[in-house]
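>>> need coordinates for the below:
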Amino acid sequence: MSIYVGNLSYEVTQDDLSGVFKEYGTVKRVQLPTDRETGRLRGFAFVEMSSEDEETAAIEALDGAEWMGRDMKVNKAKPREDRGPSRGAGGGRGNGNNSFSRRY
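This is a model prediction of the structure:
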């Protein structure tokens, strides 16, 4: 299981987050997603800790806490939803022309 950490400063680093969460146990991994186009941090992260007890302690202590000028949102990460194919991968409505070419 991992922890979702939201409403983060765009200046935060993996070391910053590790430092905060290590007060509640062993931090196994910190993931800071970036925007594909700009490379800029997206303002949230995922933190994995050694045990569920450590994660629970961190969530209880840090949810709503002010850090780096922002009130953090900290909770258990939810599994990623399968949103199906993206529009760029053949999804979407197309151009309104419903003629298809078939090979038999």
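
>>> could you use CA atoms for every contact and neighbour count after this?
Will do.

>>> what ranges do the helices span in the protein?
Remark: helices assigned in the chain by DSSP state H are 14-21, 52-62.

>>> single out the most deeply packed of the ones you listed.
Comparing those by mean neighbour count (mean count of other C-alpha atoms under 10 Å), helix 52-62 comes out on top with a mean of 17.

>>> average pLDDT across it?
If you average the pLDDT over helix 52-62, you get 97.

>>> and the angle for that helix with helix 14-21?
Put simply, helix 52-62 runs at 90 degrees to helix 14-21, going by axes from the mean of the first three to the mean of the last three C-alpha atoms, to 10 degrees.

>>> who are the packing partners of helix 52-62?
If you count contacts as 3 or more C-alpha pairs under 8 Å, 6 or more residues apart in numbering; DSSP states H and E, helix 52-62 packs onto strand 73-76.

>>> now for the strand it packs on, which elements pack on it?
strand 3-6, helix 52-62.
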